[in-house]
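>>> Pasted the sequence and its predicted model underneath.
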Amino acid sequence: MEKVELPVHEHPLFVFDRVCMDTCKGCGVYGYFYGGYICNELGCNTLFHKECVESVPEINHPSHPEHPLKLSLDCGQFCCSVCIHRSEVGYYCSICDFNVHLVCARRSPSPSSISSTFSSLPTTTDNSKVHQHPLLLSEKVKTFLLKGERNCEVCNADININEQKLYECRFCNVLFHWECVGLIPDVYHSLHPKHPLKFFRYGAPEYADEDCLLCGKKFDRRSYNCDQVYHCDVCNVTICKEFCMANPPPVSVVSPTTHEHKLHLVPRLVNFTCNACGTKGDRSPYLCLQCNFMIHRACIDLPCVININRHNHRISYTRQLGHGNWTCGVCRKKVDGFYGAYSCSKCPSYAVHARCATRNGVWEKVELEGTPEEEEIEPFEVVDENQIKHFSHDHNLRLNKAGKSIHESKLCEACVSQINDESFYDCERCDFILHETCASLPRKIRNVSDNTPFTLQTDTYRRRCFACYQYFTGFKYKSGRITLDVRCSSITEPFLHESHPHPLYYEVFSSKRGNKCSACDRTHVFISTLWCDECEFQLDFGCATLPRKVMNQRYDDHPLYLSYGETKEDGQLWCEACETKINPKEWSYECNLCGITLHVSCVVGDFSYHIPGHISLDDISEGVVVANTSICRPHCFRCSSRCKLPYILQVDGHYFCSIICVNPREYWNNNLYIN
């Protein structure tokens, strides 16, 4: 892409030929982009129309003939004095309090049949194109006509009571935007020049196709605010007014990254398979006659090299994968190697559909062709064969091999879990300790929770994990506003869990399937889960990251292992902590030697992932997570029950066993789950 420095944006902009649906940062208009300018900075994803970027610095506009208007590039949100549209880029008068955004600055401020300036707009007009009666010009109409919601009779859009100029018919009690009065009801379209297209204010006729011929937008015929269309009753062709009439696709396209020859639009209903993405299409492809090449307009100028959140390496677009048993790394469906797709040069078996790789929420929206790969920063420096210098700690850490006995209260600073019999690093000068695996956590990762990279942060401030929705301290991965604990961030696709024979995949909430966890039987609201493609099994992230092995010497000197609902012979289980029955089909923690059994909720609680010390809570000025290791278990200040969990909260001399007991509103305000 060609890089240019332009004053309308803080970052360099690039000329691009891609077809996409988005909002222009300059004029604020939402619709199709057929080329333009794009910002290639990570996290910016800003697009501009070509004409918006190339706006002249000063204009004389008939809506304000007294003074010239100057281009304003970055003055925050301002209100257009003509149409009340709010924008960040537009023209302003340095003398008067007058602003006009780019759309109004470019178009004529009045219909062609009426005088071209506001100062000389006729008070009445007889415009039979849009209405049968004369229309009266009214400035800031505040009569009985504006009581309640009103819409323009031509465009059906809402009319703001503060509109500067309106036309009204007092015979019919209807209103018109001034710019809609000149709308021509019968027009010829560049892609249908044979017959004129008639304007239909309330949707296409019943016999017509329900979709736009060009973009496939489905028309709404049933609601009051149905889509306005242009239709040819001779050819049964319907084109949406909102996008394709106002901004028609180009008749021909030259895009060397897409195809070596010029591509021509075929504006008709035709079934085809897109050579670029391998999916079916049913209308208006672009065609190369020389090569019998057909492509969706949305697949023109696909990015060449990109990053996605399902893979840690860059992937590149190829016009043909070739022979092979390819499976998409995003949707898990078959990839046809005879069509275009994305592949990884470092992972020969990895492939992604072109549409899957570039969809919202997967691609980070940055073209990486010509950009060198970032060097991976190691999390530690090797001092010698037994010592490292980790970036999170000031002292050297010493390696301890697996099998060394360590007290259950010693928690890893990163994942806030027990060390057990795993290899770990510790500091000889303080209590800092890390699992060997946690010490090797990469500084940057990609995760399905967001399409931008996550950075490892080592401050121990209390946060809430976006995936499991649990509060925690310790290391975290952060991308924008999304925070993940290191347990949830370690889950990659496909995820294999001991409780289920099939792989699990990340999926957002689905109202059809629901988000009921198969382990804890809770239905989660607005939280993503891990689903099985082959059956109805799914896990929430809290259950998926439960520790497989824990030590709890209050109840047993042996390790307790997570059991996934294996029924004992007698079918009767009792929890050693709360002394109530355990459903044999539910997950629990068990000792393989003594037969001791505990509920999961009696082993892992709200404060289990907190390093003992000072934390802050909502509506609580100060609180300390403490180990519940005293001989006599304290009573919870809120629910009055004995605190049975290994870690509890102490506030002003009182003890709390859960966050709900600290703040009952926490449960309802966050609407976390429904039992």
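Sure, I can see it.
>>> now the strands: where do they sit in the stretch 301-450 of the chain?
305-306, 315-318, 326-327, 334-335, 341-343, 351-353, 380-384, 387-390, 397-400, 424-426, 433-435, 444-445 (DSSP state E, counting those that start in this stretch).
>>> Does the last one pack against any helices or strands, and if so which?
What that stands for is strand 444-445. strand 454-457 (3 or more C-beta pairs under 8 Å, 6 or more residues apart in numbering; DSSP states H and E). In short, each C-beta sits where N, CA and C put it, glycine included.
>>> Show me which positions of the strand it packs on end up buried.
F454, L456 (16 or more other C-beta atoms under 10 Å).
>>> what about the stretch 501-650 of the chain, any weak spots by pLDDT?
The model of the stretch 501-650 of the chain has pLDDT under 70 over residues 508-514, 525-526, 566-571, 614, 616-622.
>>> Where do the helices of it begin and end?
541-544 (DSSP state H, counting those that start in this stretch).
>>> And for S409, nearest residue in space, chain neighbours not counted?
A627 (5.5 Å; C-beta to C-beta, 6 or more residues apart in numbering).
>>> Make CSV out of the strands of the stretch 301-450 of the chain and add mean neighbour count and mean pLDDT.
What follows is those, written out as CSV (neighbours: other C-beta atoms under 10 Å; pLDDT from 0 to 100):
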stretch, mean neighbour count, mean pLDDT
strand 305-306, 20, 95
strand 315-318, 20, 94
strand 326-327, 17, 92
strand 334-335, 18, 94
strand 341-343, 26, 95
strand 351-353, 25, 95
strand 380-384, 12, 94
strand 387-390, 19, 95
strand 397-400, 18, 94
strand 424-426, 22, 94
strand 433-435, 23, 94
strand 444-445, 16, 93
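>>> Figure out which of those is closest to H261.
strand 315-318 (18.2 Å; C-beta to C-beta).
>>> Show me how this structure divides into domains.
Domains of the chain are assigned by automatic domain parsing as 2-53, 58-106, 118-177, 186-245, 252-299, 305-357, 549-602, 613-674.
>>> which stretch in those has the least confidence?
Mean pLDDT values for the domains of the chain show the minimum at domain 118-177, a mean of 62.
>>> got the contact list for F472?
Under the criterion of C-beta atoms under 8 Å, 6 or more residues apart in numbering, the neighbours of F472 are V416, R462, R463, R464, C465, D485, Y609, H610.
>>> how many neighbours does the residue lying closest to it once chain neighbours are set aside have?
Nearest residue to F472 in three dimensions, chain neighbours excluded: Y609, at 4.0 Å (C-beta to C-beta, 6+ apart). Neighbour count of Y609, defined by other C-beta atoms under 10 Å: 24.
>>> Y609 is in contact with Q470, isn't it?
Yes - using C-beta atoms under 8 Å, Y609 makes contact with Q470 at a distance of 6.2 Å.
>>> Name the residues contacting each of the two.
Shared contacts of Y609 and Q470, counting by C-beta under 8 Å, 6+ apart, come down to D485.
>>> okay, now the closest residue to E576 other than its chain neighbours: neighbour count?
Spatial nearest neighbour of E576, chain neighbours left out: Y555 (4.7 Å); criterion: C-beta to C-beta, 6+ apart. As a burial measure, Y555 scores 19 neighbours (other C-beta under 10 Å).
>>> Might you report the residue contacts of Y555?
So, once contact is read as C-beta under 8 Å, 6+ apart, Y555 ends up touching E576, A577, I596, L598.
>>> redo that, cut-off 10 Å
C575, E576, A577, Y589, C591, C594, I596, T597, L598, C602, V603, K644 (C-beta atoms under 10 Å, 6 or more residues apart in numbering).
>>> Quick one: those residues as a markdown table, columns for distance to N60 too.
A markdown table is the format used below for the contacts of Y555 (distance: C-beta to C-beta, whole Å):
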| residue | distance to N60 |
| --- | --- |
| C575 | 82 |
| E576 | 85 |
| A577 | 81 |
| Y589 | 78 |
| C591 | 86 |
| C594 | 90 |
| I596 | 86 |
| T597 | 84 |
| L598 | 80 |
| C602 | 77 |
| V603 | 76 |
| K644 | 79 |
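>>> Save those residues as JSON lines, and put in distance to Y655 and neighbour count too.
As requested, the contacts of Y555 are exported to JSON lines (distance: C-beta to C-beta, whole Å; neighbours: other C-beta atoms under 10 Å):
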{"residue": "C575", "distance to Y655": "21", "neighbour count": "21"}
{"residue": "E576", "distance to Y655": "21", "neighbour count": "21"}
{"residue": "A577", "distance to Y655": "16", "neighbour count": "22"}
{"residue": "Y589", "distance to Y655": "23", "neighbour count": "29"}
{"residue": "C591", "distance to Y655": "27", "neighbour count": "18"}
{"residue": "C594", "distance to Y655": "29", "neighbour count": "13"}
{"residue": "I596", "distance to Y655": "25", "neighbour count": "19"}
{"residue": "T597", "distance to Y655": "25", "neighbour count": "22"}
{"residue": "L598", "distance to Y655": "20", "neighbour count": "25"}
{"residue": "C602", "distance to Y655": "16", "neighbour count": "21"}
{"residue": "V603", "distance to Y655": "18", "neighbour count": "22"}
{"residue": "K644", "distance to Y655": "12", "neighbour count": "23"}
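>>> Next step: those restricted to strands.
Y589, T597, L598 (DSSP state E).
>>> from memory the last one sits against G605, does it?
Looking back up the chat, that one is L598. No - L598 is beyond contact range of G605, at 11.8 Å (criterion: C-beta atoms under 10 Å).
>>> related to what we said a few turns ago, can you redo the strands of the stretch 301-450 of the chain as TSV with distance to Y167?
Conversion of the strands of the stretch 301-450 of the chain to TSV gives the following (distance: least, C-beta to C-beta, whole Å):
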stretch	distance to Y167
strand 305-306	49
strand 315-318	51
strand 326-327	60
strand 334-335	56
strand 341-343	53
strand 351-353	50
strand 380-384	72
strand 387-390	72
strand 397-400	77
strand 424-426	77
strand 433-435	72
strand 444-445	58
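>>> Select, out of these, the one closest to K585.
Distance to K585, taken as C-beta to C-beta, is lowest for strand 433-435 among those, at 32.0 Å.
>>> what number of residues lie near L562?
For L562, the neighbour count with other C-beta under 10 Å is 20.
>>> ok, so what distance separates it from K346?
Plainly put, L562 is 35 Å away from K346 if you go by C-beta to C-beta, to the nearest Å.
>>> now swap in G324 and tell me
From G324 to K346 the distance is 17 Å (C-beta to C-beta).
>>> ok, now R633?
53 Å.
>>> higher neighbour count, the two?
R633 (18 against 10).
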